[in-house]
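Colleague: got a sequence here, can you build the structure:
(one chain, ligands or ions: 1)
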Amino acid sequence: MTTAETRAGALPDLADVPARDLRVAVLGVGMMGADHVARLYSRISGASVVAVSDAFADKAGQVAATVPGCRVVGDPLAAIADDDVDAVLVATPGRFHEEQVLACIERGKPVLCEKPLTMDATSSLGIVRAEEEYTARTGRRLVTVGFMRRFDPEYAELKALIDAGGLGEPLVVHCAHRNAAVPPHFTSEMMVNDSVVHEVDVTRFLLGEEIAAVTVLRPRATRHAVAGQSDPLLVLFETTGGRMVDVECFVSTGVGYEVRTEVVGEDGSAMIGLDPGLVRTSGGPSGAARSSGIAPDFRQRFGRAYDIELQRWVDAARRGEVDGPGAWDGYAAQAVCAAGVEALRTGQRTEIRLEPR
Ligand code: ISE
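Modeller: Next up is the predicted model:
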């Protein structure tokens, strides 16, 4: 099939994909992208990484050398257009996502895009609309957004418990999201956009409704906060159904990676994220030593979630489907984060108005 035919809306060559491996290009092989290349090569069935692309050619070469038959393609758009590429994993910096995801839609190629979908709600909505237009022509969707927590067995179990009515009506959710440390350029806005964004998605996933308003409070900052940063932040979401979610986001604890979520319902409560072997007292002079059960960072804590996410993405792409958070989830998350950044700046409760779905 020619590119012109693909542009005209005919189905791309995925029809024969179930018979062979899905040929994947990974764009961006920094920390997350390189992790995904290793994962696709060693733990995921039904896929081969055939191309990698990165602004740092040396890095791309090093990663390509770890996978037999993998090529370096300098231009990410050329990798997307390549006839020998069936599907694309986007792990480049967020500012490149819009162009790359739109190019995947234009070529009719399934794409797994790491969060954020794009850098703002308007451009994320543009992706929603571009995919809608593709779906209207072909009956197929293409875009998956990498909110990996949905694939974590603990979050999946919590979701199943809520959906089965095991807690009665959920009323309140308490979240803690703590990182041991962040790089010096990590601002308070990034705490909202890069970290709290996961609780935005978790809220929408667990409660099955949109977030209508957000408030951000700045408690006294830790002396370990990077210059100019308000760390920790307390964030409050109000959902369209009147439920409330509080998030403590604390990114310089010096201890480890702690992500906890407790759902309080009319008939009970349930908590996840209590790592095995956890000693509850973290921090303090001997605390770090006593809290050896805490994962050092998200790649360990959510390693299983990333594996499941990628396997399901590959399986779904081979069937010509999407199985996971999609473009709308990416858009809704961007809209809430934009309101969160505004709430951080003004100190005011800020409402979110999503476009019609
Ligand atoms: C990072 O970008 C992530 O996505 C992690 O899951 C999150 O815990 C961390 O705070 C972010 O910086």
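
Colleague: identify each buried residue in the helix ranked longest in the chain, please.
Modeller: Scanning the chain for the longest helix, with DSSP state H as the assignment, gives helix 327-346. For helix 327-346, the neighbour count (16 or more other Cβ atoms under 10 Å) marks 327-344 as buried. C-beta coordinates here come from the backbone N, C-alpha and C atoms, glycine included.

Colleague: for the residue of the stretch 51-200 of the chain found nearest the ligand, give its distance to Leu89.
Modeller: Across the stretch 51-200 of the chain, the shortest distance to the ligand (Cβ to the nearest ligand atom) belongs to Ser195, at 3.4 Å. With distances taken as Cβ to Cβ, to the nearest Å, Ser195 is found 22 Å from Leu89.

Colleague: neighbour count winner among the two?
Modeller: Neighbour count, other Cβ atoms under 10 Å: between Ser195 and Leu89, Leu89 has more, with 29 against 22.

Colleague: so what's the backbone phi/psi at the more buried one?
Modeller: With angles defined as degrees, to the nearest 10, Leu89 sits at phi -110, psi 120.

Colleague: could you give the bridge partners of it?
Modeller: With DSSP bridges as the criterion, Leu89 is bridged to Val26, Leu112.

Colleague: can I get stretch 329-349 as PDB, trimmed to CA atoms?
Modeller: Presented in PDB, the C-alpha positions along stretch 329-349 are these (Å, rounded to 0.1, in the frame of the first residue of the first chain):
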ATOM      1  CA  ASP A 329      -7.600  10.600  28.600                       C
ATOM      2  CA  GLY A 330      -4.500  12.500  27.400                       C
ATOM      3  CA  TYR A 331      -6.500  15.600  26.700                       C
ATOM      4  CA  ALA A 332      -8.500  15.500  29.900                       C
ATOM      5  CA  ALA A 333      -5.200  15.100  31.900                       C
ATOM      6  CA  GLN A 334      -3.700  18.100  30.100                       C
ATOM      7  CA  ALA A 335      -6.800  20.200  30.800                       C
ATOM      8  CA  VAL A 336      -6.700  19.400  34.500                       C
ATOM      9  CA  CYS A 337      -2.900  20.000  34.700                       C
ATOM     10  CA  ALA A 338      -3.300  23.400  33.000                       C
ATOM     11  CA  ALA A 339      -5.900  24.300  35.600                       C
ATOM     12  CA  GLY A 340      -3.600  22.900  38.300                       C
ATOM     13  CA  VAL A 341      -0.800  25.200  37.200                       C
ATOM     14  CA  GLU A 342      -3.200  28.100  37.200                       C
ATOM     15  CA  ALA A 343      -4.400  27.200  40.700                       C
ATOM     16  CA  LEU A 344      -0.800  26.900  41.900                       C
ATOM     17  CA  ARG A 345      -0.100  30.400  40.500                       C
ATOM     18  CA  THR A 346      -3.200  32.100  41.900                       C
ATOM     19  CA  GLY A 347      -3.900  30.100  45.000                       C
ATOM     20  CA  GLN A 348      -7.500  30.000  43.800                       C
ATOM     21  CA  ARG A 349      -9.800  27.000  43.200                       C
END
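
Colleague: quick one: distance of that stretch to the chain centre.
Modeller: Offset of stretch 329-349 from its chain centre (Cα atoms, centre = their mean, to the nearest Å): 17 Å.

Colleague: quick one on the thing from earlier: which secondary structure elements does the next helix-or-strand element following the longest helix of the chain contact?
Modeller: Downstream of helix 327-346, the next assigned helix or strand under DSSP states H and E is strand 350-351. In terms of contacts (3 or more Cβ pairs under 8 Å, 6 or more residues apart in numbering; DSSP states H and E), strand 350-351 is packed against strand 211-217, helix 327-346.
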